[in-house]
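Undergrad: Next come a sequence and a model predicted from it.
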Amino acid sequence: MRKIIVSMWTTLDGFVAGPRDEMDWLQIDDQMQRYERELVEGAGSLLLGRITHAHFAGHWPRAAQDPEETQEMRGYARRVDIMEKIVISASGNIAAWQNTRRLQRVDADEIIELKRGHGGDIVVYGSLAVIRSLVELGLVDEFHLLVHPVYLRDGKAPFEGGRPPQRLELVSAEPFTSGVVLMKYRPVDRAPATS
């Protein structure tokens, strides 16, 4: 069965973006680019919310052809461009991008069916509402957190309060020369998915 992997860039104090979606704190280095490239090379699909999908659709197809981009970045962009993209959108108002299909909402039965499909794992980037829904349904298999050595003091947290704690177990930890640490976790005692 395919895994759902949430890959998330985060600050030391647990924010994934500044209060106005600022991402100027990112410290991208060769090791991080290699991790991202290997992640999508081994994956079969991206699962994205409508807004993240639109941002990606506006950037990665162009980056794949841009001679100003590094070879590594163009390779990543080409892979993302040809991958299957599954976008969650109630409105159906989604950006045009090859190999994209839409699900109206995060439905446990539909997501489990995706996981039973063929191909590599399913990677989720950004898309906080989608991630929160997947977590509530117990459908995330791994979290890949790229923890940056910065604290913002304010910003967008990946999870909402008012929910019971979820324990995770560490799979691996890898420090990068930039100071970023890639930590891979999997949920412990996951609540069973319901429909």
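TA: Great, that's in hand.
Undergrad: Remind me which helix or strand residue 77 belongs to.
TA: Using DSSP states H and E, residue 77 sits in helix 71-82.
Undergrad: Tell me the confidence at the residue nearest the centre of the chain?
TA: The residue lying closest to the centre of the chain (C-alpha atoms, centre = their mean) is residue 125, at 2.0 Å. According to the prediction, residue 125 has pLDDT 94.
Undergrad: do the same with residue 46
TA: In this model, residue 46 is scored at 97, pLDDT.
Undergrad: can you pull the buried residues of whichever strand or helix holds it?
TA: Using DSSP H and E, residue 46 sits in strand 43-49. Within strand 43-49, the residues that qualify as buried by neighbour count (16 or more other C-beta atoms under 10 Å) are 43-49. From N, CA and C alone the C-beta is placed, and that goes for glycine too.
Undergrad: Format those residues as JSON lines; extra columns: distance to residue 164.
TA: Below are these laid out as JSON lines (distance: C-beta to C-beta, whole Å):
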{"residue": "43", "distance to residue 164": "30"}
{"residue": "44", "distance to residue 164": "32"}
{"residue": "45", "distance to residue 164": "29"}
{"residue": "46", "distance to residue 164": "29"}
{"residue": "47", "distance to residue 164": "24"}
{"residue": "48", "distance to residue 164": "27"}
{"residue": "49", "distance to residue 164": "24"}
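Undergrad: and of the residues you listed, the nearest to residue 139?
TA: Nearest to residue 139 among the buried residues of strand 43-49: residue 47, at 10.0 Å, using C-beta to C-beta.
Undergrad: Which strand residues bridge that closest one?
TA: As for beta bridges, residue 47 partners with residue 86, residue 124 under DSSP bridges.
Undergrad: can you map out the helices along the protein?
TA: Ranges of helices in the chain, per DSSP state H, are 30-41, 50-63, 71-82, 108-116, 128-136.
Undergrad: tell me the most buried of those?
TA: Ranked by mean neighbour count, the helices of the chain are led by helix 128-136 with a mean of 19 (mean count of other C-beta atoms under 10 Å).
Undergrad: and that one with strand 43-49, angle?
TA: If you take axes from the mean of the first three to the mean of the last three C-alpha atoms, to 10 degrees, helix 128-136 sits at 110 degrees to strand 43-49.
Undergrad: Any stretches of this protein with poor pLDDT?
TA: Low-confidence segments of the chain (pLDDT under 70): 190-195.
Undergrad: quick check, distance from stretch 44-62 to the centre of its chain.
TA: Its chain's C-alpha centre and that of stretch 44-62 lie 11 Å apart, by C-alpha atoms, centre = their mean, to the nearest Å.
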